[in-house]
Each structure stands twice: as C-alpha cells, then as structure tokens.
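In: Need a 3D model of the following:
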Amino acid sequence: RKWQASGESMHSIWIGFDPRESSAFAVARQSVKDNFSVQLPIRGLVLDELRAKGLYTRPTERRLGRLYDVISEHSMATEFAISRFLVPHLAKEGWALFMDCDMMIRSTINRVFDGLDRKKAVYCVKHNHVPDSRLKMDRQVQSAYPRKNWSSFMIFNCWHPKNRDLTPDAVNALPGRDLHRFCWMDDDDIGELDQSWNFLVGHTSPEIVPDNVHWTDGGPWFDGFQNVAYADEWRVILHRWAA
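Out: Below is the predicted model:
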C-alpha cells in the first residue's frame, strides 16, 4: 500500500461502548456530532459485535460480577479495554481516533487531526497519571501502569508500518498492560497531543481549557459523581439527545 497524504475524508472516529455506560456513550457521540466542522464517520466498538465477527477471541470470564481477562490475569474496567487496539485493523486507512465513552468533546473535533506528522504511528496526550485511589467509578479497581490513560484518547496512523503489526492475532494474544503502553512501536513513533484533548477531571491543571473532558475516576452517570466538574454540561447534552 502506498504511503499517501490523508484527506479529511479518510479520518474516522471510534468510541468504546460498554452497556453499563450507555448514557455516557450517547453523550460522547453527540458531543462529537455537535462539534464537527466537516462530518466524519463515528463508529462504536461493541464487544459482542466484534466477537460475532471473529475479531475478538480473547478468553474472558465473569468473576465477582466483573469481566476478567484471562491473558492479562486482570479484571477489565470496561468491555472495550482491549478491543480499542483493533481500530487500525477496522479503519484500514487514514487517521483513526479512538476515545473512551466517558468523555465529552467541547470544541471542533476536526482540529485534532491538523498538523499530524505521517511519520508517527500514534498520537496521544502523554499523561504522567499516578492514581491516588484504589477504586474508580462503580467500584472498579483503579490500576496503575506505565503510560496510564495514554490509550484513552489516541489517533492511529493506519498507514504506518508499525500499526500493520497490530493484527487481530496480536491484539488477542498480548497482555493488556503491554498493549496500553504501545509495546508494538518505539518511543519515537508516538506523537504528542496538547493536554486539552484529554483533560482528566481532578488531575489535569484547571488552568487548561479542555477541548475534551475525561471523567477517568467516574462521570455524572454514576452514583456519587453527579456533581463532578462539567457535569452540568454533560446533562444538557444528555437531555437534548433524549428529547
């Protein structure tokens, strides 16, 4: 395949879906739609659909009511914890943005693709996020690992040779901790986005104006988090979507 410049028509957006956070997914998707300068395709990553297509074959179990990844020997906070790494295979070409569903876009999303270097395999916000709590959202375990939250909002260069190594076989075999630290590429392959594109509520400096709000500890759809920062904005979008 030829290395080629990507026009806007080759961009795509992928949002992780978890049935426990369906309202969060709806708002994340609507917030993207509200902030297009040029419309782009938006697709959800739904685990059952990926399994039905034979793309997600990792062995998982239910332990104490939570999804457990056998290969990683660890529980999964969301159903898309691992499936996000299938995005380059699914998108096939262009720049493909993946985002968690616990996010809300607040400015023109198309700008995030401006000025990307085709020599980079992925772009993300390079957080130095060390959780200060053992639990998050609905009492899920808060895991600490290198490059935590880098993969929660990332733009894949689907033409890059390194991402061709991220085959479904690789995604279905590698431990999650290796995938989340971008083990299939070198450090120089990772480009950096401004912190505003993955603003971690309660962690990112409040002096930064967020282009994308990320409730990594728990969003307003969970009990006990109804009054977190930017919750009112989230509810406005939810009510408009549900009307």
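In: What secondary structure category should be reported for W197?
Out: Secondary structure assignment for W197 (DSSP: H, G, I helix; E, B strand; the rest coil): helix.
In: I figured it hits K126, correct?
Out: No - in this structure W197 lies outside contact range of K126 using CB atoms under 8 Å: 11.2 Å. For every residue, glycine as well, the C-beta is placed using N, CA and C.
In: who has more neighbours, those two?
Out: W197 (23 against 15; other CB atoms under 10 Å).
In: Need the pLDDT of that one.
Out: W197 carries a pLDDT value of 98.
In: Which stretches in the protein count as strands?
Out: Using DSSP state E, the strands of the chain run over residues 12-16, 42-45, 60-63, 66-69, 74-75, 95-99, 103-105, 122-124, 135-136, 140-141, 153-157, 190-192, 199-200, 212-214.
In: For this structure, give me the ranges with low pLDDT.
Out: By pLDDT under 70, the weakly predicted segments of the chain are 1-7, 129-145.
In: switch the cut-off to 80
Out: 1-9, 129-146 (pLDDT under 80).
In: For it, which residue occupies the most central location?
Out: What sits nearest the mean C-alpha location of the chain, by CA atoms, centre = their mean, is M99, with 2.9 Å.
In: From I109, how far off is it?
Out: Distance of M99 to I109, computed by CB to CB, to the nearest Å: 9 Å.
In: Next one: W95 from K126, what distance?
Out: 18 Å.
In: cool, and R240?
Out: 34 Å.
In: same check, this time on D178
Out: 18 Å.
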